[in-house]
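K.L.:
Structure here, sequence nowhere to be found:
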Ligand code: FAD
């Protein structure tokens, strides 16, 4: 009990946003209730998103690496896949992390409620029939898969990302609708396990939003592995029959696949909460708008994570969560991150942060590029993975870094340095003059900065 209310702070949803907010608020001494409709904490990210996908991607990477070794004179026998054991490993990873969250909630004395919360008014929710009053609230109800209409969803050969992670079988052929990050990551997994992959994407490139040149090495790599990548193409019909799912492209060509994965995006859960009963405005698309302190239009109700808008990424949700919890506690803080990095954990990985060339051109912003091809990196050559490059965008007036893109193995790990560089307002010389360990892929960051300064040094 907190004064006239059952709880001082109610957090709805226990994904990366919700559990981070609940833990931060509890650490600050607040009385916190965390409500989640599922037994398991962790939301999409831990249960059916970031974590299980990366567990499977690790297996895929090892398989591909062993294949690659043949050209180095080391041959492994064809991998035998025990699907159930692989899924068991994936599930053990999820359980380790979600179980850990349960213990952390207990240690912090966060009150946990299991059930679906819906607003009754601006200080009351029901949780599966039970009424709970709150002084302040943080909505962290996340998002869900967008189910493309007109598809035979009653047929379990048609899958969304959650189904794909359940991996009922390793099909002979699979069509993936949507060439975005989630679709491409699942393609990476299934392809390594032996499935023949086709990707169809409406736009003229995979990972629309990332710079075209950044995506090119990935495109070239997967072109050799997958059956087909159809760009500027649309699925116009899909019919379930005995032999598979018959898909029609652009009103013409028809092809039958064993399975079809729909990965065309996610929609926020804003319309599922009766938020209007609390006076909280929800957009037509189901997003909840917030200010820099993560407050909704109702002062004591905050919202964070996927439900407040793009990019729908776990690391954005956790940062917003800390801000919301601290503001609810009475601190004067704001969400003021300059940049939020994006990573596709494909093979090779694609990572970018800050300004892209695409955006610079759209916004007519002046920029100069420093680029380092991995074909000149001793480490990449040693790894026999030279298809990558590192690209930095600089402000030609101040020499400050504006954005960065990396494609290549481990790009997702390498991008962090550039997130820090942008947040710190680094100039090209700060990056170029920082001694990076040799021989590493990370050197490519310093070399790109040096390339911009026109002082490229021969390091190998
Ligand atoms: P969510 O994780 O969606 O959590 C919301 C929680 O609220 C859910 O547990 C839900 O059950 C609960 N809830 C909703 N409504 C109610 C209610 N009324 N009452 C009670 N509980 C409710 N992001 C990355 O940054 N990196 C990645 O590598 C990555 N990979 C991904 C891979 C896949 C396959 C998918 C699908 C997503 C991936 N994401 C990744 C995105 C990431 O999962 C989300 O951005 C993140 O989970 C958002 O966190 P959130 O807290 O806003 O919401």
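P.N.:
Cool, got the structure. Bear in mind that the values here come from a model prediction, so they are computed numbers and not experimental data.
K.L.:
Flag every residue of the stretch 201-350 of the chain that's near the ligand.
P.N.:
Within the stretch 201-350 of the chain, the positions adjacent to the ligand are 269, 272, 273, 305, 306, 312, 313, 314, 315, 317 by Cβ under 6 Å from any ligand atom. Glycine gets a C-beta too; all of them are placed from N, C-alpha and C.
K.L.:
The residue nearest to the spatial centre of the chain - nearest residue in space that isn't next to it in sequence?
P.N.:
Compute the mean C-alpha point of the chain, and by Cα atoms, centre = their mean the closest residue is residue 313, 4.6 Å away. Closest residue to residue 313 apart from its sequence neighbours, by Cβ to Cβ, 6 or more residues apart in numbering: residue 340 at 6.5 Å.
K.L.:
got a pLDDT number for that neighbour?
P.N.:
pLDDT for residue 340: 98.
K.L.:
Please tell me I have it right and it contacts residue 310.
P.N.:
No - contact criterion Cβ atoms under 8 Å: residue 340 and residue 310 do not qualify, at 9.4 Å.
K.L.:
Next, the contact list for the nearest residue to residue 143 once chain neighbours are set aside, please.
P.N.:
Leaving aside its sequence neighbours, residue 143 sits nearest to residue 306 (Cβ to Cβ, 6+ apart; 3.8 Å). Residues near residue 306 by Cβ atoms under 8 Å, 6 or more residues apart in numbering: 15, 17, 44, 142, 143, 266, 268, 269, 312, 317.
K.L.:
Just those: which are in strands?
P.N.:
When DSSP state E is applied, these are split such that 143, 266, 268 fall in strands.
K.L.:
Tell me the one of those residues nearest residue 258?
P.N.:
The closest of those to residue 258 turns out to be residue 266 (Cβ to Cβ; 24.9 Å).
K.L.:
gap between the closest one and residue 118?
P.N.:
Distance, residue 266 to residue 118, using Cβ to Cβ, to the nearest Å: 21 Å.
K.L.:
Please apply the same query to residue 414.
P.N.:
44 Å.
K.L.:
more crowded one of the two?
P.N.:
Legend: neighbour count by other Cβ atoms under 10 Å for residue 414 and residue 118, higher for residue 414 (22 against 17).
K.L.:
Tell me which residues touch the more buried one, please.
P.N.:
Shown in contact with residue 414 (Cβ under 8 Å, 6+ apart): 351, 390, 406, 408, 441, 442, 444, 445.
K.L.:
Which SSE is immediately downstream of the one helix or strand the first one maps to?
P.N.:
The one in question is residue 351. Assigned by DSSP states H and E, residue 351 belongs to strand 349-354. Going down the chain from strand 349-354, the next helix or strand is helix 357-362, by DSSP H and E.
K.L.:
Find me the pLDDT at residue 456, would you?
P.N.:
Reported pLDDT for residue 456: 50.
K.L.:
For burial, what's the neighbour tally of residue 110?
P.N.:
22.
K.L.:
May I have the strands that pair with the strand holding residue 351, each with its orientation?
P.N.:
Using DSSP bridges, strand 349-354 pairs in its sheet with strand 342-344 (antiparallel), strand 401-408 (antiparallel).
K.L.:
Any chance of TSV for those, columns mean neighbour count?
P.N.:
Shown next, in TSV, are the strands paired with strand 349-354 (neighbours: other Cβ atoms under 10 Å):
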stretch	mean neighbour count
strand 342-344	23
strand 401-408	27
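K.L.:
Could you give the backbone dihedrals for residue 315?
P.N.:
Torsion angles at residue 315 (phi, psi; degrees, to the nearest 10) stand at phi -70, psi -20.
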